[in-house]
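**Student:** Coordinates for the following, if possible.
(chains A and B)
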2 protein chains.
Amino acid sequence: MTYWWQHAVKPLDEAARAMAGQRQNSLTKPPGSLGRLEEIAIHLAAMQGREKPQIERPAITIFAGDHGVVAEGVAAFPQAVTQQMLANFVAGGAAISVLAKALGARLEVVDVGTLAGEAVAGVVRDKTALGTASLAQAPAMTPVQLNHALAAGQRATQRALAASADMFIGGDMGIGNTTAAAALSCALLDLTGAQMAGPGTGLDAAGVSHKATVIDRALALHGFLPSPPAPPPLAGEGSIAVLRCLGGFEIAALAGAYIACAQAGLPVLVDGFIATAAALAACRMNPAARDWMLFAHASAEPGHARLLAALEARPLLQLDMRLGEGSGAATALPLLRLACELHAGMATFAEAGVSRED
Amino acid sequence: MTYWWQHAVKPLDEAARAMAGQRQNSLTKPPGSLGRLEEIAIHLAAMQGREKPQIERPAITIFAGDHGVVAEGVAAFPQAVTQQMLANFVAGGAAISVLAKALGARLEVVDVGTLAGEAVAGVVRDKTALGTASLAQAPAMTPVQLNHALAAGQRATQRALAASADMFIGGDMGIGNTTAAAALSCALLDLTGAQMAGPGTGLDAAGVSHKATVIDRALALHGFLPSPPAPPPLAGEGSIAVLRCLGGFEIAALAGAYIACAQAGLPVLVDGFIATAAALAACRMNPAARDWMLFAHASAEPGHARLLAALEARPLLQLDMRLGEGSGAATALPLLRLACELHAGMATFAEAGVSRED
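**Tutor:** The predicted model follows:
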C-alpha cells in the first residue's frame, strides 16, 4: 500500500533554471554581486518553470492545535492562548495578520485540533480532535488522527492552489508546540532533550531543563532514545511513527501541506522552529519534497540551527525572531519578490551599452 | 573656525523611544519574539519622535565619481563603466533603479565627479572635478575639492528633505572605489592594505594582492602607515586629512550627506562597504552622527566586517551582496517597513483579550 504522501513530487524545471542563470550573468552588475538574491531568482525559475519567476499571490496558512503535553508544565503561556489567538488572527491583530495585509497575501487560519469546542468565525474548521494526548504519557495521536492531520494540510494546499497561489507559507499556533517539535526532532536526529529544548515563548533556564527532562521521558516511553552507535536516520514508516507519537496536529498538517505543495509544484517558504521540524518530517516521508522548500530565517530558538543543518538549509534572515505563526517567512517574502524584480527588470550589458570586465 | 559638518546633530527623542518600548511589550506576542524588528521600530520611534514610526517617502541618492587610482590596475571593470552606469541608473536598468521603483522610493543620481564632460539627462550635476588624482601618487583631492564634495552631499540631503523624505539611503558608483574606501579605512582603523583589500567587483587573488600593495604605497606616501604601538584613532582634522588624501568624491559626498541627515534628524540606512567607509569617516568627523545610522547588510567584501565592528554596527541582512549603488540598503528597506507595520498594527493583549504569561 502506498499513501498519498509517498506519491512523486513535481520535478524542477532544469531548462528554466539554466535560462535564468544565463540571464543573471548578462545583467548590468558584476557577476554574483547580488549574492543570494541571484540564487533565489534562479531557484524560483526552476520551481515556476519560467525564466522570469514572480510572486504575485502568496498564500499564508496558519494551522492551530493544542497539546496534551502542556499538562507537564512546559509552556510559558496558558493553554487558552491557542484559542484566543484564533480570534486575534481573524481580527487582524496578530503579527501574521499585520504581515499578510502588508504583503497582500491570502491568510487562512485552520483549526486542525485546538481545544475550542465551538467554531470561530472566519476560521476553517478541519479538526482532528480536541488537542493531542500528552506525548509524555502516550502517543500524541492515533493513526487515524495522524492521517486526518496530514490530510488537513493537503486540503489547505488544495485551497491555496484553487486561489492560484504561487508561494505557500505555513504557520503554526499551539501553546506547547516547541516541546512537541523538539521531541520530534530529537527522535528524527537521534538527539537528547537537552540538545533540542529551548525557551520557546519564554521559559527560564529551569523551565528549559524541565522541558528537556519531559522530552527524554517521552523518547524513552516511545522507544526513540538515542542509541550508540547512532542508528540510520528514521525515514518512511519510522518517521511516521515519530510524527504520530511526538508531533502535534498543526505540525502534521504543516508536513502534509509541504508534501502536497511539492507534489503540485507550489514553492514553499519555510518559517522557523516548528515549521522546520515539520519540514524535516516531510522530507523523511518524501525526500524529494526538499526541492520545493526555501528557508526564510534562523530562529532564536536554539534547536533550529540543528534542524536547518540536517536539511542542508541556509536561511535568508537572522533577525532573532521566535514567534512562529509564519511570521519569519512572511518577513522574508519581500526579499524573494525583490529578487524576482531585479532578475526581470534589470537591463543586460548589451541593452544598456555598459562594458563588461576587462 | 568651525565647519558646517561639526555642528551638533539632532538629539534622539528618548520619550518616544520609551513609549515605543512600552507598546512593544503590550503587543500580542511573547516579549522580544519579533527580535530585531522590535529594536528597529523602537529606534525609529526615537529618530522620528513618535510612538509609531513610518517610512512612507524613502529617498535614495546615488553619488558617482571617478578615481585616479584606476591607473594602477586595481579594478576589474573599465573606468568608462562609471559614466555608462549614469545613463543606466536614469534609464531604469540598474539594480538600484529596479529596487527604487519596486519600493516606491525617490531616486536621485548625482555626478559629483565622474570623467563625464557632458551633462547626462536626468543626472544632477554637482561636479567637484573630472575624477580624483591617484591616491597612490598624490592626495586624491585638494582641500577645496573635499569641501565641495562634502557640501554636495549636504545639498543632496537638503533636496531629499525638501521632498519630505523620511529615510535616506546613499549609494555609490565609481570604478576603483573599493580601493579608495579600503585605503581610507586602513588609515582610520590603523590597518595595512592586506587587512582591508578585497576583490571588489571581481579581482582574482593576484589582483587583490596588487591592490593591497597599492594601498600600502598610498598609506606610506601620505603618512598613514600603521605604527606600533597603535596611535589613538584619527578624528576631527585627522580624519579630514585621511578623507582628502585617500577618499573619493562620492565617498566624501556620502559622508557629507550622512552628517547633514543627522543634523536634520533624517534617519539613514547605510549600504555596504563603500557607504560604511563613508559612515566611519562621518562618525570620526562628527561622532554623534552615529545615532542616526541603521546598517542594512554585511557585504561579501571582506573588509566590511572590520568597518561594521569599528562602528559597533550589527547589520540586518547577510546575503553575500557586493554591488554597491545602495542596493543592499534598498533590499533591507522592506524589513524596516514591516517592523513599523507590526509595531503600529498589532493588537495589544488587552485589545485582543489574550492572556499573558503564567
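
**Student:** Report the separation between residue A:122 and residue A:58.
**Tutor:** Here residue A:122 is placed at a distance of 19 Å from residue A:58 (C-beta to C-beta, to the nearest Å). All C-beta spots, glycine's among them, are computed from the backbone N, C-alpha and C.

**Student:** same question but for residue A:187, I mixed them up
**Tutor:** In this view, residue A:187 and residue A:58 are 32 Å apart by C-beta to C-beta.

**Student:** before we move on, back to that, neighbour count winner among residue A:122 and residue A:58?
**Tutor:** The neighbour count for residue A:122 versus residue A:58, taken as other C-beta atoms under 10 Å in any protein chain shown, is higher for residue A:58 (24 against 13).

**Student:** I figured the more buried one hits residue A:107, correct?
**Tutor:** No. Judged on C-beta atoms under 8 Å, residue A:58 makes no contact with residue A:107 at a distance of 9.7 Å.

**Student:** Need the three-state assignment for whichever residue of the stretch 1-150 of chain A sits closest to chain B.
**Tutor:** Using C-beta to the nearest C-beta, the single residue of the stretch 1-150 of chain A nearest to chain B is residue A:93, 2.6 Å away. Of the three states, residue A:93 takes coil under DSSP: H, G, I helix; E, B strand; the rest coil.

**Student:** And for it, the neighbour number?
**Tutor:** 22.

**Student:** isn't it right up against residue B:349?
**Tutor:** No. Applying C-beta under 8 Å as the test, residue A:93 and residue B:349 come out as separate, 9.8 Å apart.

**Student:** who touches both of those two?
**Tutor:** residue B:28 (C-beta atoms under 8 Å, 6 or more residues apart in numbering or on different chains).

**Student:** got the contact list for whichever residue of the stretch 101-250 of chain A sits closest to chain B?
**Tutor:** Closest residue of the stretch 101-250 of chain A to chain B, C-beta to the nearest C-beta: residue A:201 (4.0 Å). When contacts are counted by C-beta under 8 Å, 6+ apart, residue A:201 touches A:75-77, A:175, A:178, A:322, B:30, B:33, B:357.

**Student:** can you do 10 Å?
**Tutor:** Residues in contact with residue A:201 (C-beta atoms under 10 Å, 6 or more residues apart in numbering or on different chains) are A:75-77, A:81, A:175-178, A:301, A:322-324, B:29-33, B:357.

**Student:** what's the answer for residue A:350, then?
**Tutor:** Per C-beta under 10 Å, 6+ apart, neighbours of residue A:350: A:26, A:28, A:356.

**Student:** Quick check: buried residues in the helix or strand encompassing it?
**Tutor:** Per DSSP states H and E, residue A:350 falls inside helix A:349-352. Buried residues in helix A:349-352, counted by 16 or more other C-beta atoms under 10 Å in any protein chain shown: A:349, A:352.

**Student:** For that helix, C-alpha coordinates in PDB please.
**Tutor:** What follows is helix A:349-352, C-alpha atoms only, in PDB (Å, rounded to 0.1, in the frame of the first residue of the first chain):
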ATOM      1  CA  PHE A 349      25.000  44.800 -20.600                       C
ATOM      2  CA  ALA A 350      24.100  44.800 -24.300                       C
ATOM      3  CA  GLU A 351      20.800  46.600 -23.700                       C
ATOM      4  CA  ALA A 352      22.400  49.300 -21.600                       C
END
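
**Student:** Over it, what's the mean pLDDT, rounded is fine.
**Tutor:** Average pLDDT, helix A:349-352: 97.

**Student:** again with stretch A:28-48
**Tutor:** Per-residue pLDDT over stretch A:28-48 has a mean of 98.

**Student:** go on, stretch A:188-201?
**Tutor:** Stretch A:188-201 comes out at a mean pLDDT of 96.

**Student:** Show me how far that stretch is from its chain's centre.
**Tutor:** The chain centroid and the centroid of stretch A:188-201 are separated by 17 Å, computed with C-alpha atoms, centre = their mean, to the nearest Å.

**Student:** Endpoints of that stretch, how far apart?
**Tutor:** 23 Å (C-alpha to C-alpha, to the nearest Å).

**Student:** same for the helix or strand encompassing residue A:152, what does it pack against?
**Tutor:** With elements taken from DSSP H and E, the one containing residue A:152 is helix A:143-162. If you count contacts as 3 or more C-beta pairs under 10 Å, 6 or more residues apart in numbering or on different chains; DSSP states H and E, helix A:143-162 packs onto strand A:58-65, strand A:106-113, strand A:124-125, strand A:167-173, helix A:237-246, helix A:249-264, helix A:273-285.

**Student:** Parallel or antiparallel, list what pairs with the shortest one.
**Tutor:** Listed by DSSP bridges, the sheet partners of strand A:124-125 and their directions read strand A:106-113 (parallel).

**Student:** average pLDDT across the partner strand?
**Tutor:** Computed over strand A:106-113, the average pLDDT equals 98.

**Student:** ditto for stretch A:139-157
**Tutor:** For stretch A:139-157, the mean confidence score works out to 98.

**Student:** how about the CA coordinates for it, as CSV?
**Tutor:** Extracted C-alpha coordinates of stretch A:139-157, given in CSV (Å, rounded to 0.1, in the frame of the first residue of the first chain):
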residue,chain,number,x,y,z
PRO,A,139,1.3,8.5,21.7
ALA,A,140,0.2,12.1,20.9
MET,A,141,-2.1,10.9,18.2
THR,A,142,-3.8,7.7,17.0
PRO,A,143,-3.0,6.5,13.5
VAL,A,144,-6.4,7.8,12.3
GLN,A,145,-5.7,11.2,13.9
LEU,A,146,-2.3,11.4,12.2
ASN,A,147,-3.9,10.7,8.8
HIS,A,148,-6.5,13.3,9.4
ALA,A,149,-4.0,16.0,10.3
LEU,A,150,-1.8,15.2,7.3
ALA,A,151,-4.8,15.3,5.0
ALA,A,152,-5.9,18.6,6.6
GLY,A,153,-2.6,20.0,5.4
GLN,A,154,-3.1,18.6,2.0
ARG,A,155,-6.6,20.1,1.9
ALA,A,156,-5.2,23.5,2.8
THR,A,157,-2.7,23.3,0.0
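
**Student:** Quick check: buried residues in that stretch?
**Tutor:** Neighbour counts using 16+ other C-beta under 10 Å place A:139-141, A:145-157 of stretch A:139-157 among the buried residues.

**Student:** what's the answer for stretch A:296-314, then?
**Tutor:** A:296-304, A:306-308, A:310-311, A:313.

**Student:** What of stretch A:276-296?
**Tutor:** Going by neighbour count (16+ other C-beta under 10 Å), the buried part of stretch A:276-296 is A:276-286, A:289-296.

**Student:** Great, nothing more from me.
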